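Asker: Mind folding the following:
(2 chains, ligands or ions: 2)
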Amino acid sequence: MAAVIPERLQEHHHGAHTGLMRWITTTNHKDIGTMYLIFSFVMFLAGGVMALTLRAELFQPGLQVVQPELFNQLTTLHGLVMVFGAIMPAFVGFANWMIPLMIGASDMAFARMNNWSFWLLPPAAILLIGSFFVPGGATAAGWTLYPPLSVQMGMGMDLAIFAVHIMGVSSIMGAINIVVTILNMRAPGMTMMKMPLFCWTWLITAYLLIAVMPVLAGAVTMLLTDRHFGTSFFNAAGGGDPVLYQHIFWFFGHPEVYIMILPAFGIVSQIIPTFARKPLFGYASMVYATSSIAILSFIVWAHHMFTTGMPAAGQLFFMYATMLIAVPTGVKVFNWVATMWRGSMTFETPMLFAVGFIFVFTMGGFTGLICAIAPVDIQIHDTYYVVAHFHYVLVAGSLFALFAGAYYWLPKWTGHMPDERIGKLHFWCSIVFFNVTFFPMHFLGLAGMPRRVPDYALQFADFNALATIGAFGFGLSQLIFLWAVIKCVRGGEKAAARSWESAEGLEWTVPSPAPHHTFEEAPVVR
Amino acid sequence: MTHALEKYFVPEPSIYPIFGSVALLLFGAGAVMWLHGIGPGPLVLFAGVAILVYMLFGWFGQVVRESEAGLYGKRVDKSFRWSMGWFIFSEVMFFAAFFGALFYVRVLSVPWLASGDNEALLWEGFTQAWPSAGPNPHADPFTPMGAWGIPALNTLILLTSGATLTWAHYALLRGDRARLKLGLFLTILLGVIFLGFQVYEYFHAYADLNLRLDSGIYGSTFFLLTGFHGLHVTIGAIMLTVMLFRTMAGHFQPDNHFAFEATAWYWHFVDVVWLMLFVVVYWL
Ligand code: HEM
Ligand SMILES: [Cu+2]
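Answerer: Ligands and ions are numbered 1, 2, ... in the order given. Purely as a prediction, here's the structure:
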């Protein structure tokens, strides 16, 4: 059923720009996907350096490495860079590369706009990271940019606001592109319920993006006018309320965390069946679970605000609504496990990361449930317990799924199999050091260590030292990934079209590496 | 394998997106410099705007040419329909943030400030009322904007403009170019009159009512909601003007005119936002 254009046609493509201009002007989803992936990895390293600086400071009590002002700037930018610069663009990179291949489309629906979605990111990154060098430094209000702090800061804050606006424009255009591609560009016979789960999760993610990025834009716009034009949205003296910002922000923020995890669910759902050599268990229930997570994610936002003095009725509502999300999330975890049940499993690197994901992400889900219990959260809110929770879901969840996906599709991108030995080394270093870093944070949080502080009481010293050691180990482990990718790009065992023994899906019907243009004639799916 | 699916148009590499990126970079950097009084701020900002305008002209011009050359076909048309719908949905959510803020302050934060410990210890004597500039005792008093003068007139104007636009659309469907032009022209005219009235209303607010952007939360919500709406009317009017010029250049067929329809969707969306504004900002 593959309809691939012969090799000679791919080599010369029209409008032939070369060198840098090729990348600046490209309308090819594979080029753009590659740029997204490279950009996000660079941002990942930048955010990682910030994190390691934080951990270095926290190695011992007292102030050794950075002053509190810079510490807070680094905390803030670490969060913003990782969320908006690393995780989100990486998933968009996967979407760009894989969705057209998976649904048998010749490209994204709006190829030029796709280019712009990507090329808006570097300007945003320049504004954001450049803000370290302006008078007063970068914003230090935390990635959530809460007022009143964010109303008081210097021009670094304004740069962050404009950076968020630009990234928002990029995300909305990217999301519209993905929705339209999936709805309108599927090959004949590729019905919605035959679509690979990665496409489904991205469809729903894109819907979430379109729904909540504008809300974030509204929130930071109000910040901007409060800062410079005398409005009182977040100023009680004028009749506003700083807590209003939290409501608007988390109305965006909670769906945002699902934006960062749903595509990860999709990637894992592609990988587990391949290496368990069984079709995905409960495909339809996966689709419904994803949809219900998306809908529920709009009515749980105030679980981030249990300590703001909400009425008890509100606390109860948001507590139970939050716990409700655990149901569809559980459905997914059970389905993955059931897929593996009695499968004939092998543990190549992508599968290792996927199985690691299930283990460690699920722990993050459990700590999320604990945070969701309002009376408990009043104790642990804004402590290291929350830091542990969201790193379990974001690093071991989103990031591990990204690694799994990268190893899984590298053969399709490069034409070479990734080196299993290096990949496995990367996995084991990552998962061990990840837990060394973040597991102690649960104890720190339960013992009462607040987050976002450069110094702490002596009783927290041991676990902090341990976490710092783990963090440096984890950071260095990521260079192994770089090594694995570079090695794979430059050579290695030739990959077959179907690079993994029982991989299913249209993407495995085109040669590896995937030619520049694929599916110019749509394949027919039965 | 043969099948009936028509080939989907994938554009050549394009130089325009990078112009847009540079434009927004300059716009953002220039705005921040301006806000902090750094020399060439306005210059940088306007350079950004200029590049953006150039980019929009070039890019949309290219799209129009491709469309008129018949490159798009039914499938691309469908993509455009989906994308415009989703874009309008994103706009709805943008306004929802501001309507949500208005709801929050009217129903929650102002009453809270005027009750219990807040009233007893912090803001003595502050009573709950709307419009409110908040409990700040030094706040400048202002008169709120009434609903039944210009705003009511503006409601009528926008509703009429929705009707004239639909009239124009029917003319287009019948191939009646003269009425199409007239309808578009009337719609634009009504839009411009609306904007003129709004500018007048703002002057009136500042000069006579002492109602300003910094008049507490009432001023904040009033000006941001109506201001963003006005911005959207402006954008809509520009889009309509482009449609008028394209009509005069002979574009659009009864069975192929999605640009016109998209503009109409947008215009009706702006209309609906206004109705909600009229009810919750001016009237209630
Ligand atoms: C079973 C599902 C989950 C539940 C019940 C849950 C619950 C919670 C709760 C109640 C909090 C607030 C804790 C506090 O601040 O006191 C929280 C924080 C957070 N969660 Fe989750 N969560 C879940 C899954 C996720 C996922 C999948 C992600 C992202 C991939 C995520 C990312 C975050 C982040 C980033 C924060 C902290 C935000 C901040 O304050 O900076 N969570 N979660
Ligand atoms: Cu949440």
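
Asker: check contacts around the residue lying closest to A:Ser170 once chain neighbours are set aside.
Answerer: With Cβ to Cβ, 6 or more residues apart in numbering or on different chains as the criterion, A:Ser170 has its nearest non-adjacent residue at 3.9 Å, and that residue is A:Leu120. C-beta here means a position set from N, CA and C on the backbone, and glycine is covered the same way. Contact partners of A:Leu120, counting by Cβ atoms under 8 Å, 6 or more residues apart in numbering or on different chains, are A:Ile166, A:Met167, A:Val169, A:Ser170, A:Met173, B:Gly20, B:Ser21, B:Leu24.

Asker: got a markdown table for those residues, with pLDDT, distance to ligand 1 and secondary structure too?
Answerer: Listed next are those as a markdown table, based on pLDDT from 0 to 100; distance: Cβ to the nearest ligand atom, whole Å; DSSP: H, G, I helix; E, B strand; the rest coil:
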| residue | pLDDT | distance to ligand 1 | secondary structure |
| --- | --- | --- | --- |
| A:Ile166 | 98 | 22 | helix |
| A:Met167 | 97 | 17 | helix |
| A:Val169 | 97 | 23 | helix |
| A:Ser170 | 97 | 20 | helix |
| A:Met173 | 98 | 23 | helix |
| B:Gly20 | 97 | 31 | helix |
| B:Ser21 | 98 | 28 | helix |
| B:Leu24 | 98 | 27 | helix |
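
Asker: in the stretch 51-200 of chain B, what residue is nearest ligand 1?
Answerer: B:Ala97 (19.4 Å; Cβ to the nearest ligand atom).

Asker: tell me, how many neighbours does that residue end up with?
Answerer: 21 (other Cβ atoms under 10 Å in any protein chain shown).

Asker: Check the gap between it and A:Met222 for me.
Answerer: 8 Å (Cβ to Cβ, to the nearest Å).

Asker: Need the overlap of contacts for those two.
Answerer: Going by Cβ under 8 Å, 6+ apart, residues that sit against B:Ala97 and also against A:Met222 are A:Ile248.

Asker: Let me know the distance separating the residue positioned nearest the centre of chain A from chain B.
Answerer: For chain A, the residue nearest the mean C-alpha position is A:Ile87 (3.1 Å; Cα atoms, centre = their mean). Distance, A:Ile87 to chain B, by Cβ to the nearest Cβ, to the nearest Å: 21 Å.

Asker: Equivalent analysis for A:His304, please.
Answerer: For A:His304 relative to chain B (Cβ to the nearest Cβ), the value is 16 Å.

Asker: what's near enough to touch that residue?
Answerer: Per Cβ under 8 Å, 6+ apart, neighbours of A:His304: A:Gln246, A:Trp250, A:Gly253, A:His254.

Asker: Show me what the helix or strand hosting A:Ile182 is packed up against.
Answerer: Following DSSP states H and E, one finds A:Ile182 within helix A:155-184. Counting contacts by 3 or more Cβ pairs under 8 Å, 6 or more residues apart in numbering or on different chains; DSSP states H and E, helix A:155-184 packs against helix A:68-80, helix A:88-103, helix A:111-119, helix A:121-130, helix A:197-228, helix B:16-35, helix B:73-104.

Asker: check whether stretch B:128-147 contacts chain A.
Answerer: Yes - for stretch B:128-147, a contact with chain A is found by Cβ under 8 Å from any Cβ of the partner chain, at B:Ser132, B:Ala133, B:Gly134, B:Pro135, B:Asn136, B:Ala139.

Asker: residues in contact with A:Val284?
Answerer: For the record, residue A:284 is Ala, not Val. Neighbours of A:Ala284 in contact, by Cβ under 8 Å, 6+ apart: A:Met193.

Asker: So for it, what's the pLDDT?
Answerer: Looking at A:Ala284, its pLDDT stands at 97.

Asker: same deal with the one 10 residues further on?
Answerer: What the model reports for A:Ala294 is a pLDDT of 94.

Asker: give me the number of residues near it?
Answerer: The number of residues near A:Ala294, taken as other Cβ under 10 Å, comes to 21.

Asker: before we move on, which element is it in?
Answerer: Short version, using DSSP H and E: A:Ala294 is in helix A:283-296.

Asker: Need the CA coordinates for that helix. CSV is fine.
Answerer: C-alpha atoms of helix A:283-296 as CSV (Å, rounded to 0.1, in the frame of the first residue of the first chain):
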residue,chain,number,x,y,z
TYR,A,283,-7.7,1.1,21.7
ALA,A,284,-11.2,2.7,21.9
SER,A,285,-11.0,3.0,25.6
MET,A,286,-7.7,4.8,25.1
VAL,A,287,-9.4,7.3,22.9
TYR,A,288,-12.2,7.9,25.3
ALA,A,289,-9.8,8.1,28.2
THR,A,290,-7.8,10.8,26.4
SER,A,291,-10.9,12.8,25.6
SER,A,292,-12.2,12.6,29.1
ILE,A,293,-8.8,13.7,30.5
ALA,A,294,-9.0,16.7,28.2
ILE,A,295,-12.5,17.6,29.3
LEU,A,296,-11.9,17.1,33.0
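
Asker: need the contact list for A:Ser232.
Answerer: A:Asp226, A:Gly238, A:Gly239, A:Gly240, B:Ala133, B:Gly134, B:Asp214, B:Gly216, B:Ile217, B:Gly219, B:Ser220.

Asker: Looking at these, which are in helices?
Answerer: In helices, judged by DSSP state H, the following of the contacts of A:Ser232 are found: A:Asp226, B:Gly216, B:Ile217, B:Gly219, B:Ser220.

Asker: Now render those residues as JSON lines, adding neighbour count, distance to A:Leu70 and pLDDT.
Answerer: Compiled in JSON lines, these are given as follows (neighbours: other Cβ atoms under 10 Å in any protein chain shown; distance: Cβ to Cβ, whole Å; pLDDT from 0 to 100):
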{"residue": "A:Asp226", "neighbour count": "23", "distance to A:Leu70": "25", "pLDDT": "97"}
{"residue": "B:Gly216", "neighbour count": "27", "distance to A:Leu70": "36", "pLDDT": "93"}
{"residue": "B:Ile217", "neighbour count": "32", "distance to A:Leu70": "35", "pLDDT": "95"}
{"residue": "B:Gly219", "neighbour count": "27", "distance to A:Leu70": "37", "pLDDT": "96"}
{"residue": "B:Ser220", "neighbour count": "32", "distance to A:Leu70": "33", "pLDDT": "97"}
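
Asker: Among the residues of stretch B:128-147 next to chain A, which one lies nearest to A:Phe474?
Answerer: Using Cβ to Cβ, B:Gly134 comes nearest to A:Phe474 of the residues of stretch B:128-147 next to chain A, at 47.8 Å.

Asker: What's the local residue count around the residue lying closest to the closest one once chain neighbours are set aside?
Answerer: The shortest distance from B:Gly134 to any non-neighbouring residue, by Cβ to Cβ, 6+ apart, is to A:Gly239 (2.9 Å). Neighbour count for A:Gly239, taken as other Cβ under 10 Å: 30.

Asker: how far away is A:Gly239 from A:Ser297?
Answerer: From A:Gly239 over to A:Ser297 (counting by Cβ to Cβ), the distance is 30 Å.

Asker: Out of the contacts of A:His304, which is nearest to A:Val489?
Answerer: Distances from A:Val489 to those, taken by Cβ to Cβ, are shortest for A:Gly253, at 36.1 Å.

Asker: in what helix or strand does that closest one lie?
Answerer: Counting by DSSP H and E, A:Gly253 is part of helix A:242-276.

Asker: just A:Tyr146 next, same as before
Answerer: Applying DSSP H and E, one finds A:Tyr146 in no helix or strand.

Asker: which ones are touching it?
Answerer: With Cβ under 8 Å, 6+ apart, A:Tyr146 has these contacts: A:Pro242, A:Tyr245, A:Gln246, A:Phe249.

Asker: top of those residues by neighbour count?
Answerer: A:Tyr245 (25 neighbours).

Asker: Hmm, A:Thr221 and it touching each other?
Answerer: No - with contacts counted by Cβ atoms under 8 Å, A:Tyr245 stays clear of A:Thr221, the gap being 11.5 Å.

Asker: Give me the neighbour count for the closest residue to A:Trp409 other than its chain neighbours.
Answerer: With sequence-adjacent residues excluded and distances taken as Cβ to Cβ, 6+ apart, A:Trp409 is closest to A:Met98, at 6.5 Å. A:Met98: 29 surrounding residues under other Cβ under 10 Å.
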